[in-house]
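In: Here is a sequence together with a model predicted from it:
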Amino acid sequence: MTGLPRGTIVDRLPFLGLDIESEGQDTIRVEYSPNRPDFSTDYGIARALRGLVGRETGPPGYKVAKGTASVRVDPNLQKVRPYIACAAIRGLKLDDETIRQLISMQEDLHNGIARRRKKAAIGLHNMDVIKPPFTYSGVPSSFEFVPLGESRKMSIEKILSDTETGMSYGHILRNSKTYPILTDSAGTVLSFPPIINGSSTKVDTSTKNMLIDVTSTNLRTGDEVLAILCAALSDAGGAIESLQVDYSDSKRTTPDLSPTKMKFDSSLATSLTGLNLSAKEMALCLERSRLGLDHEGNATVPRYRVDILHPVDLVEEVVIGYGLDKMEPAYPPSPEPGSLHSLVVGLDSISESISMAGFIETMNFDLVDAASLYTKFARSPDSRIEVENPRTTEHSMLRDSILPSLMSVLSRNVQTSYPQKVYEVGRIFLRDGQKVVERPRVSALVAHSSSSFSEAKSYLEALVMIRLEESIKTVPAAHWAFAEGRTAEVFVKDRSIGFLGEIKPSALASFGLDVPVAGYEIDLAAFT
């Protein structure tokens with residue numbers, strides 16, 4: 001597939017970021033990083049290897065012939081699964097190994113970039129048994145067809161309740177009153193996304209022409225998934241053909257395999273890598289990574305390289321193209337030893353004091369989900385700081401409190417014996433006009449059958465006395481996380497440093513906790 005000697009392949013694979021797990025007589029088993037979904041088949045790996053050794057360099061050119069088929073999209077799917085992107089692949093010669101790789105790639109894409117089919121779902125169909133134009137429409141739960149792997153018609157309702165894929169992915173369509181179905185002009189059901197394909201369009205070794213459909217809740221994700229599939233099938237010998245997608249208010253042609261442009265900063269590459277390369281040498285490095293660089297300093301990124309999101313990613317590609325094995329280790333230019341920042345020293349001392357009271361330190365992500373931060377506390381999301389185009393809903397916004405993260409930790413450890421005492425010294429993020437600022441905070445929670453406001457207060461009093469040699473003053477207050485009448489604002493020298501209290505019952509129930517939880521969250525500005 002690469003035209004390279006086995007020894008060269010084994011030697012170069014690790015420098016693409018691929019870990020060799022085992023070697024057989026005719027196989028090499030590797031593990032790839034999820035941020036490189038184009039490595040989900042041998043074709044993607046071979047494509048990169050040929051560039052790395054200089055056999056084929058620069059962005060691969062994929063031709064898309066203009067097709068005559070079209071897909072009409074029902075506007076009633078707008079709130080269910082509104083987008084679809086399609087492509088036809090002509091002239092394929094499939095064998096059992098190629099089909100195995102296609103199925104493996106499909107599942108890897110489903111579990112990765114498609115977020116277990118929530119953001120996108122793939123359908124592969126034998127195009128020779130279907131008749132365009134196609135219709136992507138909504139149907140009721142009583143609608144029947146023969147799903148893949150079955151010999152009789154089943155209703156949508158039965159598919160969701162009785163089949164393995166229905167039970168695994170039916171939650172994606174929970175509370176839907178209409179269900180997405182892709183059919184051809186003769187009424188043949190191609191797929192019921194994101195659950196299962198129809199049995200009539202099954203792909204096997206006799207398939208010469210294939211239709212790919214990618215339905216999605218996010219237009220960009222669907223296009224990215226389709227681009228990765230088309231690149232692999234083109235490398236497998238197929239010819240790509242476009243389809244027209246007709247929405248009620250617009251039209252578009254898919255797939256879009258045109259490369260994207262990103263500004264390349266050569267000075268950034270030099271400062272981060274220490275490599276003293278000329279502009280021409282950097283361009284050659286990018287070309288060995290199957291990228292390009294024009295005379296205006298813009299990098300050309302193939303459509304299947306969905307992992308390149310930032311100029312630093314281009315710097316990494318320069319290093320890969322240069323050869324990680326050629327990089328020489330270098331000592332820092334200064335003879336002076338490094339030292340910890342005073343803020344880090346202060347935070348470490350606070351952490352040590354809390355752990356001495358029997359608390360277990362946790363480390364949680366600064367990016368959290370909306371449910372833990374707002375919904376489970378029945379809290380107004382007026383000040384939310386959302387991530388644009390998040391890769392996953394679990395990391396879709398910056399937290400403005402550590403308490404929800406600790407509650408999530410407790411909810412995942414309900415089978416562990418009590419008492420449980422957890423804390424985190426970390427960052428939260430707040431709006432300051434048009435800016436977002438970060439603040440160091442500490443939060444601690446104690447959970448057991450008799451945890452209380454008084455217990456939480458005693459731990460906080462001890463911390464303030466040890467670190468500041470000061471006492472605290474508490475004033476009754478209201479806080480979104482704590483129960484009414486069991487909440488206080490905390491002051492040190494008439495300066496408010498945070499809140500303490502007992503977690504409100506509704507939040508305990510939302511997180512699945514059956515024991516009382518009490519704790520505090522304070523700003524660390526007074527401690528550092």
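Out: On my side now, so go ahead.
In: only C-alpha atoms for contact and neighbour calcs from this point on.
Out: Fine.
In: and stretch 279-294, what's its mean pLDDT?
Out: Mean per-residue pLDDT for stretch 279-294: 95.
In: what's the answer for stretch 244-257, then?
Out: 95.
In: With stretch 47-54 instead?
Out: So the average pLDDT for stretch 47-54 ends up being 94.
In: Name the surrounding residues that touch it.
Out: For stretch 47-54, the external contacting residues (Cα atoms under 8 Å, 6 or more residues apart in numbering) are 2, 9, 12-13, 16, 56-58, 287-290, 320-321.
In: tell me which residues in stretch 461-470 are buried?
Out: Neighbour-count burial for stretch 461-470, with 16 or more other Cα atoms under 10 Å as criterion, is recorded at 461, 462, 463, 464.
In: Mind checking which of those residues land in helices?
Out: Residues of the buried residues of stretch 461-470 located in helices (DSSP state H): 461, 462, 463, 464.
In: which one of those residues sits closest to residue 423?
Out: Closest approach to residue 423 among those (Cα to Cα): residue 463, at 12.6 Å.
In: Residue 55 should be in a strand, yeah?
Out: No. Using DSSP: H, G, I helix; E, B strand; the rest coil, the assignment for residue 55 is coil, not a strand.
In: residues near it, how many?
Out: 14 (other Cα atoms under 10 Å).
In: What pLDDT does the model give the spatially closest residue to residue 230 that is not a sequence neighbour?
Out: Of all residues not flanking residue 230 in the chain, residue 240 sits nearest, at 7.0 Å (Cα to Cα, 6 or more residues apart in numbering). For residue 240, the model assigns a pLDDT of 98.
In: need the contact list for residue 240.
Out: Taking Cα under 8 Å, 6+ apart as the test, what residue 240 contacts is 63, 64, 65, 87, 88, 89, 90, 230, 234.
In: Do a quick rundown of the strands in the stretch 351-500 of the chain.
Out: 360-361, 367-368, 385-386, 397-398, 420-432, 435-447, 473-476, 482-492, 495-503 (DSSP state E, counting those that start in this stretch).
In: Just send those back as TSV, with mean neighbour count and distance to residue 225 too.
Out: Below are the strands of the stretch 351-500 of the chain laid out as TSV (neighbours: other Cα atoms under 10 Å; distance: least, Cα to Cα, whole Å):
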stretch	mean neighbour count	distance to residue 225
strand 360-361	16	39
strand 367-368	20	25
strand 385-386	16	24
strand 397-398	22	24
strand 420-432	19	33
strand 435-447	19	33
strand 473-476	14	54
strand 482-492	19	44
strand 495-503	23	43
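In: want to throw the buried residues of stretch 461-470 into TSV with distance to residue 37 and pLDDT?
Out: Output for those, formatted as TSV (distance: Cα to Cα, whole Å; pLDDT from 0 to 100):
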residue	distance to residue 37	pLDDT
461	51	93
462	51	93
463	48	92
464	49	90
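In: re the thing from before, give me the buried entries from the contacts of residue 240.
Out: Buried among those (16+ other Cα under 10 Å): 64, 87, 88, 89, 90, 230, 234.
In: Let me see the ranges of the helices in the stretch 1-150 of the chain.
Out: 6-12, 42-52, 96-111 (DSSP state H, counting those that start in this stretch).
In: Minimum distance to residue 364: which of the ones you listed has it?
Out: Among the helices of the stretch 1-150 of the chain, helix 96-111 sits nearest to residue 364 (Cα to Cα), with 23.0 Å.
In: Return the set of buried residues in that closest one.
Out: Result for helix 96-111 [16+ other Cα under 10 Å]: buried residues 98, 102, 105, 106, 107, 108, 109, 110, 111.
In: what's that helix packed up against?
Out: Helix 96-111 makes packing contacts with strand 120-126 when contacts are defined by 3 or more Cα pairs under 8 Å, 6 or more residues apart in numbering; DSSP states H and E.
In: Can you give the distance of the strand it packs on from its chain's centre?
Out: Remark: strand 120-126 is offset 21 Å from the chain centroid, using Cα atoms, centre = their mean, to the nearest Å.
In: which helices and strands does that strand pack with?
Out: helix 96-111, strand 189-192, strand 210-216, helix 219-235.
In: For it, list the C-alpha coordinates in CSV.
Out: C-alpha atoms of strand 120-126 as CSV (Å, rounded to 0.1, in the frame of the first residue of the first chain):
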residue,chain,number,x,y,z
ALA,A,120,-22.8,12.7,13.3
ALA,A,121,-23.6,9.3,11.9
ILE,A,122,-22.4,7.5,8.8
GLY,A,123,-24.3,5.3,6.3
LEU,A,124,-22.5,3.3,3.6
HIS,A,125,-24.7,1.9,0.8
ASN,A,126,-24.6,-0.1,-2.4
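In: now the angle between strand 210-216 and it, please.
Out: Counting by axes from the mean of the first three to the mean of the last three Cα atoms, to 10 degrees, strand 120-126 lies at 160 degrees to strand 210-216.
In: which neighbours does strand 120-126 have in its sheet, and in what orientation?
Out: strand 210-216 (antiparallel) (DSSP bridges).
In: Report the mean confidence score over the strand it pairs with.
Out: Across strand 210-216, pLDDT averages out at 97.
In: Check which residues of that strand are buried.
Out: Applying 16+ other Cα under 10 Å to strand 210-216 flags 210, 211, 212, 213, 214, 215, 216 as buried.
In: And the strands in the stretch 151-300 of the chain?
Out: 154-155, 179-183, 189-192, 196-197, 210-216, 239-246, 251-254, 260-263, 292-293, 298-301.
In: Pull the residues that contact the fifth one.
Out: Outside strand 210-216, the residues within contact range by Cα under 8 Å, 6+ apart are 81-90, 92, 118-128, 193-194, 203, 222-223, 225-226.
In: Please repeat the previous calculation with a cut-off of 7 Å.
Out: Defining contact as Cα atoms under 7 Å, 6 or more residues apart in numbering, one finds that strand 210-216 is touched by 81-90, 119-127, 193, 222, 226.
In: Likewise for the second one?
Out: By Cα under 7 Å, 6+ apart, the surrounding residues in contact with strand 179-183 are 77, 134-141, 189-193.
In: residues making contact with stretch 312-326?
Out: 15, 16, 52, 264, 269, 282, 285, 286, 288, 289.
In: no wait, stretch 155-163
Out: 141, 142, 143, 144, 145, 166, 167, 170.
In: Repeat the analysis, applying 8 Å as the threshold.
Out: 140, 141, 142, 143, 144, 145, 147, 166, 167, 170, 179.
In: ok so, going back, save the buried residues of helix 96-111 as CSV, and put in pLDDT and distance to residue 456 too.
Out: Formatted as CSV, those follow (pLDDT from 0 to 100; distance: Cα to Cα, whole Å):
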residue, pLDDT, distance to residue 456
98, 90, 61
102, 92, 56
105, 94, 51
106, 95, 50
107, 94, 47
108, 93, 46
109, 95, 46
110, 95, 45
111, 92, 42
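In: Which two of the residues you listed have the greatest separation?
Out: Going by Cα to Cα, the pair spanning the buried residues of helix 96-111 furthest: 98 and 111, at 19.9 Å.
In: I'd like to know which of the contacts of residue 240 are part of strands.
Out: Those of the contacts of residue 240 mapping onto strands are 64, 65, 87, 88, 89, 90, per DSSP state E.
In: Closest to residue 514 out of those?
Out: Nearest to residue 514 among the ones in strands among the contacts of residue 240, counting by Cα to Cα, is residue 87 at 51.7 Å.
In: tell me which residues form a beta bridge with that closest one?
Out: residue 212, residue 242.
In: Which segments of this structure make up each domain?
Out: Here the domain parsing of the chain from automatic domain parsing is 6-52, 64-254, 260-326, 342-523.
In: Determine which of the ones you listed approaches residue 335 most closely.
Out: domain 260-326 (17.9 Å).
In: one step back: would you format the helices and strands packed on strand 120-126 as TSV with distance to residue 484 included?
Out: Output for those, formatted as TSV (distance: least, Cα to Cα, whole Å):
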stretch	distance to residue 484
helix 96-111	43
strand 189-192	48
strand 210-216	43
helix 219-235	44
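In: For residue 394, find the nearest of these.
Out: Short answer: helix 96-111, nearest of the helices and strands packed on strand 120-126 by Cα to Cα, at 14.6 Å.
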